[in-house]
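Visitor: Build me a model from this:
(chains A, B and C)
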Amino acid sequence: MATGTEPPPAARPHPRGGGVHTTTRAAIAARHLRTDRWWLAPAATAAGLLAFVVYSTWRAFAGADYYAAPYVSPFYSPCLAENCVPMKGGPNWEIFGAWWGLSPAIIILIFPLGFRLTCYYYRKAYYRGFWASPPACAVAEPHRRYTGETRFPLILQNLHRYFFYAAVPVAGILTYDTVLAFRDEHYAWGHMGLGTLVFLVNIVLIWAYTLSCHSCRHIVGGKLKHFSRHPVRYRMWRLVGKLNARHMQLAWASLLSVGLADLYVYLVASGVFDDPRFF
Amino acid sequence: MSGYEARFRVWRGDAGGGGLKDFTVEVNEGEVVLDIVHRLQATQAPDLAVRWNCKAGKCGSCSAEINGRPRLMCMTRMSVFGRDETITVTPLRAFPVIRDLVTDVGFNYAKARQVPAFVPPAGLGPGEYRMMQQDVDRPQEFRKCIECFLCQDTCHVVRDHEENKTAFAGPRFLMRVAELDMHPLDAAAETGLDRKSTAQEEHGLGYCNITKCCTEVCPEGIRITDNALIPLKERAVDRKYDPLVWLGSKIRRRPPAG
Amino acid sequence: MSVVDRQEWDVVVVGAGGAGLRAAIEARERGARTAVICKSLFGKAHTVMAEGGIAAAMGNVNAGDNWQVHFRDTLRGGKFLNQWRMAELHAREAPERVWELETWGALFDRTEDGRISQRNFGGHEYPRLAHVGDRTGLELIRTLQQKVVALQQEDHRRTGDYESGLKVFQECTVTRVLKDGERVCGVFAYERETGRFFVLEAPAVVIATGGIGKSFKVTSNSWEYTGDGHALALLAGAPLVNMEFVQFHPTGMVWPPSVKGILVTESVRGDGGVLRNSDGKRFMFDYVPDVFKDKYAESEEEADRWYDDPDHNRRPPELLPRDEVARAINTEVKEGRGSPHGGVFLDVSTRMPAEVIRRRLPSMYHQFKELADVDITAEAMEVGPTCHYVMGGVAVDSDTAAARGVPGLYAAGEVAGGMHGSNRLGGNSLSDLLVFGRRAGRYAAEYAAGTAAARPRADDGQIGAAAAEALRPFSAPGESGEPDGGPPENPYALHQELQQTMNDLVGIIRRETEMKQALERLAELRRRAGRVGVEGHRQFNPGWHLALDLRNMLLVSECVARAALERTESRGGHTREDHPSMDRAWRRINLLCRLAGPSDGPAAGGPAAVDPARGRIALTRETTEPIRPDLLALFAKEELVKYLAEEELYE
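Guide: Model (predicted):
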């Protein structure tokens, strides 16, 4: 056999089925021979994502119980419509007038949603979990055709960096919210409650997730050919790289924390319990 | 731990057909799957075809699928399996089978040829190359590749879609493009070759949906997806989907980044 | 029999390791249409196993280094038995060969100022080994492979065909070099995949097949190392030189049994690893031989200081040449101070922080973790000697790499003899591959161009005989008409017996009685090999492949055993218990092995072949050319006295 110059034996694509069942390949009827619980990871991923989608959809469309001074739900921040609950000092500006009849969350959620939807980790998660493309490594996928991210709409995944650019100010505003959370319910500064702690944890995770983004890693230094000529960017790239190695964990942790932060606000706002105050 | 008898199912056959054959074979302490395949050869199936070379995870010849997972036979210790477990060994299922555990990996050699080689910088002779360690770290990681082609085998783009083999270079060779693009002295850009956009236009980078199976199976632990494929995708975005860069390149020829 | 497919090339290179690929690149760049044949897939050659580095006196880390120092180290390592001209060319040209790799895309580890970093290694006076972590061989083979592809891309742009000027026939085995009268005219080969025979006709053939380790039981070599090139050259009428010198690498894995022999790179010691016996003693201090006394540290303190301050301290004795260390380990184990699994302890865990170990020795860390479940950052490795390299090989012209007496035949790399004398220094093999691979390619291409007017042709009779020889294992022994029939022999069983024989009787420490016994066993094995039978068909049949390789291993093993019996001294990779010291009179003597009797036909396996006293190999002694005076002048008189006979000194 020479190094691949003889024309490869003509593979007839579908007589016995495609993919691993292409006629030239080893005749094995099974779609896969894995003996481990390969389905567990995609199933758990799908379940986790689904739970969040259901929860967040309900909360985003509810348009209520998202503010309990001094806390604003991260789903509703910044609040940009006339129909927002007034928040003192808080990030709400009436950019969208009375004509906006939907929940104000919808306006702003587009950005974090887009950021996460085009995120390299979440892509893996939902391609595997929801699309089964592939369900797991070396487990045949059920689709006849596959073009990946080469055409519309998936080619839009290439826009990830613009969502990253948008996600940075959003994270900035959530940081501002966290600062505002050091007030009490009468807007007096220098106080802290359990909610403040929840917000603190959330904002740290949000930043860690945002900065660990692959696009961010590229922008701060990854695009360079010579690190040695850009020592500062090289250090930043290494720092982001360390975070980036944990991108999956951060994606889940921040997803959970943002949900919990919202839930916390919901529970306080709807009067299920009062925010325990530390000082 | 003493020796025991293990149950093996090994795929035997050729392009015309074949199937899993059952064997019972002795296993001793410290052995790997390749040892057992060799024992089968020496005692029960002298014509069992298998590729192997170094038996130390350095050459990448003995790639196969063990219990459905792409692995090197020489680096799969028998101790990871239960004694009562039946161990199934098949050839790589993304490539045409030749015989038994041997497949035709010519696809990979054809793809290797389609990646334009390193372009030496003009005006630098042998011995005059100066490169900093932090600049070569990135491509060096990719050069750890032993070309076992497990990543090519597991990648669903070609494993599950034979027809994509023409358009898609596979993780190994996209990583090669990334390696050259990150080589501190590669002068491809000066000769008018933009590796960033050809990655997408000619080597099928867009087919990759970053589901990371290549990284999962890599016996060298190379972080193919995070360090090669995604950075390459971002570099392609620089060229093709960044309006500012696009506009800039229309107005004047942009010097290469960095 | 079906007509055997024939193709015409200018140069055929057998073997696609470092030497073969370098030769092919050179031949193609000089305009020869070049074919490369290799037994494995392209890029899998045994060169990938080389870990430590490429020795080249670039002086990047210590400016005191130059080719003369390298030459001196090489000769010391080889105990002055080296073909001095080869050692000279090697030391002079190695830096250029390394730098050239960079222009083809190689990425070596760097110094602070961006040059190629160099590391310490046994027997090298200065840090000299260009390296990439501990996977230098992989970098070398990949760079050459990618250069081949680059040339093919060039050919494709010019001719529309990638393989018009340089083609790799992978997974093919050459069983015969074909001749037209005295001259080489091509090779006979089979495709492993299909079992199909084919002939590549070419006026020049470069043999670059590597070594012979698979004749030994404990070896670091892969299955390919069956001495094919050595045997091909013998059968084509070329002599082999100094086949008694076989290097046992001091540190191979000893546990678990299935990986016994796999290499533990010398860089472990170069970077600070130490050898200890079961008493916890750094025993190497007791084994520094007289010729090296003034070059090595006498105390642990001095040895430890050397890593940071090599200019004012002497090097640790762990870094003695490989033969010395291997013998020392052998003695420690024999005297009952070995590790639980019959080796000694090699320890880095107490010498370096875990993180440094993982960074500098990544594949060793990986190898022990995966294969032996040992964490080398926390505990010591167990190591023992393993058959690693053969210094002997095809006798070649130093400058052109042309095999002696067979026009058109060239040899480079491990298969060629002479360069390393009686013992090779670590790191010198990769540079050897490059320096002499290039030379072989160059002179083969020039020779081939010179034959344009009258190219040699392969006649059908020879091809038919080669085909018949290759098919013989398929015919039942009864039909072959042998009088002493008996059941067919299993090639795997024969191979194991051969390995055991060589390991036990012609191994690291040798004795006259044992070697005589080995020759008898080899004769018996040769007889039985005539009855080897295989099942199945020709398509990718490993049993058949092994049966064919057995011929080569038996020939080569006989060379080793005969030459080892003949040389009544201990030197480098040849240690005689009954002649324990180096004999200056033997320094000038080379032992040449030639094929006795016809190379093929019925007589080849006839009665002479199974007579242990006669066998298939004839041995002759040859006195070497004196070392050129300006090269001798590189050594101090006191040192030369230890090696050279009186009359040589005063010449």
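
Visitor: rest of the way, CA atoms for contacts and neighbours
Guide: Fine.

Visitor: so who does C:His341 touch?
Guide: Going by C-alpha atoms under 8 Å, 6 or more residues apart in numbering or on different chains, C:His341 touches C:Val254, C:Trp255, C:Glu382.

Visitor: and the second one, helix, strand or coil?
Guide: Under DSSP: H, G, I helix; E, B strand; the rest coil, C:Trp255 falls in the coil class.

Visitor: What is the neighbour count of it?
Guide: Residues lying near C:Trp255 (other C-alpha atoms under 10 Å in any protein chain shown) number 23.

Visitor: these two touch, right, it and C:Val374?
Guide: No. Contact criterion C-alpha atoms under 8 Å: C:Trp255 and C:Val374 do not qualify, at 10.1 Å.

Visitor: Which pLDDT value goes with residue 37?
Guide: Using chain A. Per-residue pLDDT puts A:Arg37 at 96.

Visitor: was after chain C, sorry
Guide: 98.

Visitor: where's it, which helix or strand?
Guide: strand C:34-38 (DSSP states H and E).

Visitor: Pull up the pairing partners for that strand, direction included.
Guide: Strand C:34-38 has the following sheet partners, assigned by DSSP bridges: strand C:11-14 (parallel), strand C:166-170 (parallel).

Visitor: Return the most buried member of the ones you listed.
Guide: A comparison of these by mean neighbour count, using mean count of other C-alpha atoms under 10 Å in any protein chain shown, puts strand C:11-14 on top with a mean of 32.

Visitor: moving C-terminal of that one, what's the next helix or strand?
Guide: Following strand C:11-14 in sequence, per DSSP H and E, is helix C:18-29.

Visitor: got the angle between that next one and strand C:34-38?
Guide: With axes from the mean of the first three to the mean of the last three C-alpha atoms, to 10 degrees applied, the angle from helix C:18-29 to strand C:34-38 works out at 160 degrees.

Visitor: mean confidence score for helix C:18-29?
Guide: pLDDT averaged over helix C:18-29 gives 98.

Visitor: Tell me which other helices or strands it touches.
Guide: strand C:11-14, strand C:34-38, helix C:136-159, strand C:204-207, helix C:428-450 (3 or more C-alpha pairs under 8 Å, 6 or more residues apart in numbering or on different chains; DSSP states H and E).

Visitor: ranges for the strands of the stretch 51-200 of chain B?
Guide: B:63-66, B:69-72, B:86-90, B:97-99, B:102-103 (DSSP state E, counting those that start in this stretch).

Visitor: could you check whether the second one is close to chain A?
Guide: Yes. Contact between strand B:69-72 and chain A, assessed by C-alpha under 8 Å from any C-alpha of the partner chain, occurs at B:Arg69, B:Pro70.

Visitor: From the contact counts, what lies against that strand?
Guide: strand B:63-66, helix B:150-154.

Visitor: give me that answer again for 6 Å
Guide: Using 3 or more C-alpha pairs under 6 Å, 6 or more residues apart in numbering or on different chains; DSSP states H and E as the contact test, the elements touching strand B:69-72 are strand B:63-66.

Visitor: Could you list the low-pLDDT ranges of the stretch 551-651 of chain C?
Guide: The stretch 551-651 of chain C contains residues with pLDDT under 70 at C:599-613, C:651.

Visitor: Looking at it, what residue ends up closest to chain B?
Guide: Residue nearest to chain B within the stretch 551-651 of chain C: C:Met553 (17.3 Å; C-alpha to the nearest C-alpha).

Visitor: Helix or strand: which one has that residue?
Guide: helix C:542-566.

Visitor: Not counting its own residues, what contacts the helix or strand that that helix is followed by?
Guide: Per DSSP H and E, the first helix or strand lying C-terminal to helix C:542-566 is strand C:589-595. Residues outside strand C:589-595 that contact it (C-alpha atoms under 6 Å, 6 or more residues apart in numbering or on different chains): C:234, C:239-242, C:616-623.

Visitor: Equivalent analysis for stretch C:297-313, please.
Guide: With C-alpha under 6 Å, 6+ apart, stretch C:297-313 has contacts from C:Arg314, C:Arg315, C:Pro316.
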